[in-house]
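J.: sharing a sequence plus its predicted fold:
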Amino acid sequence: MSENIKNVIEIRNVGRVFKTPGGEFTALSDINAQVPESTLTILKGHSGSGKTTLLNIIGALDDPTSGEVIIDGKSLNDLSERKKDDVRRTQMGFVFQSVSLIPSLTAYQNVEFSLRMAGIRKNRKKRAEECLKTVGLGNRMNHYPAEMSGGEQQRVAIARAMAHQPRIILADEPTAELDSMMAAEVTRVLKELTRKEGITVIMTTHDVGLMDAGDYIIELEGGRCINIKSGQDSEIQ
């Protein structure tokens, strides 16, 4: 990577071993990678490759067995559980395969509620409306999840994740339950966030049709990093 590119996230020698009734299972082994600021980085790999495990470690939802993740120069290993919670709440947004919108709330109310949960008191109405317009749902703010398509629901989830202006959004298989057209649209929205909001987005997927959208692609296989490429398919040293 170019030396003038700032890396928001550094993954250093990360390993994750889970204890099982039959012994131990190595989910990740010696992962090293860097994630540049304001880019869409895709974690590519088949089911069981370690994508979600790595995303959970980056998001401070799980701890590595070995190695460390460094965000803005600070190792997550050095943070207390309370500090990790603060990092997740203030610096990160999460989008999951299961949208998990509150069904009794409109799109606007879902986003506004997330701002309340983040402890934001000022300009919630304005920010919620801005976020829904950014994801192309300015005319759907008063619709309930049941009145929206799967792709629209996922865009509400993205608006909710970006509402508190996080540094990083982590999206775990956000397009897995969508058709190819909707999947491409949701990925386009995530990429637009890197340009318009300066957010660094990391997205897991096994859909090879979405690879071209990534600024960087980290490919995992069997818990190991087997390749890191730019969106132009040049290897990154």
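T.: The structure has been received and is ready for your questions.
J.: going by C-alpha atoms from here, please, whenever you check contacts or count neighbours.
T.: Fine.
J.: buried residues, stretch 116-133. List them.
T.: Within stretch 116-133, the residues that qualify as buried are R124, R127, A128, E129, E130, C131, L132, counting by 16 or more other C-alpha atoms under 10 Å.
J.: compute the first-to-last residue distance for it.
T.: Taking C-alpha to C-alpha, to the nearest Å, stretch 116-133 runs 19 Å from one end to the other.
J.: the longest helix seen in the chain: how far from the chain's middle?
T.: Residue-count comparison of every helix in the chain, with assignments taken from DSSP state H, identifies helix 180-196 as the longest. For helix 180-196, the separation from the chain centroid amounts to 12 Å (computed by C-alpha atoms, centre = their mean, to the nearest Å).
J.: show me what the next helix or strand after it is packed against.
T.: If you walk from helix 180-196 toward the C-terminus, the next helix or strand you reach (DSSP states H and E) is strand 200-205. Using 3 or more C-alpha pairs under 8 Å, 6 or more residues apart in numbering; DSSP states H and E, the elements in contact with strand 200-205 are strand 40-44, helix 51-58, strand 168-172, helix 180-196.
J.: pick out the residue nearest the middle of this structure.
T.: Relative to the mean C-alpha position of the chain, the nearest C-alpha, by C-alpha atoms, centre = their mean, is the one of L170, at 1.3 Å.
J.: tell me the contacts of that one?
T.: The contact partners of L170, taken as C-alpha atoms under 8 Å, 6 or more residues apart in numbering, are L55, G59, M92, G93, F94, V95, V201, I202, M203.
J.: mind checking how far it is from H143?
T.: Applying C-alpha to C-alpha, one obtains 25 Å for the distance of L170 from H143.
J.: list the buried residues of the longest helix of the chain.
T.: By neighbour count, and taking 16+ other C-alpha under 10 Å as the criterion, the buried residues in helix 180-196 are M182, A183, A184, E185, V186, T187, V189, L190, K191, E192, L193, T194.
J.: cool, stretch 164-173 as well?
T.: H164, Q165, P166, R167, I168, I169, L170, A171, D172, E173.
J.: can you count the residues close to the closest residue to L40 other than its chain neighbours?
T.: Spatial nearest neighbour of L40, chain neighbours left out: V201 (4.8 Å); criterion: C-alpha to C-alpha, 6 or more residues apart in numbering. By the criterion of other C-alpha atoms under 10 Å, V201 has 26 neighbours.
J.: isn't V201 up against M162?
T.: No - at 10.4 Å, V201 and M162 do not qualify as touching, with contact defined as C-alpha atoms under 8 Å.
J.: common neighbours of those two, please.
T.: Taking C-alpha under 8 Å, 6+ apart as the contact rule, V201 and M162 both touch I169.
J.: in the sheet, who's paired with T205?
T.: Note on T205: beta-bridge partners K44, judged by DSSP bridges.
J.: gap between it and M182?
T.: With the distance defined as C-alpha to C-alpha, T205 ends up 14 Å from M182.
J.: A118 now?
T.: 29 Å.
J.: same question, H46
T.: Distance check for H46 against M182: by C-alpha to C-alpha, it reads 21 Å.
J.: ok, now H206?
T.: As it turns out, when the distance is counted by C-alpha to C-alpha, H206 lies 16 Å from M182.
J.: check which helix or strand covers M141.
T.: Remark: M141 resides in no helix or strand, with elements defined by DSSP H and E.
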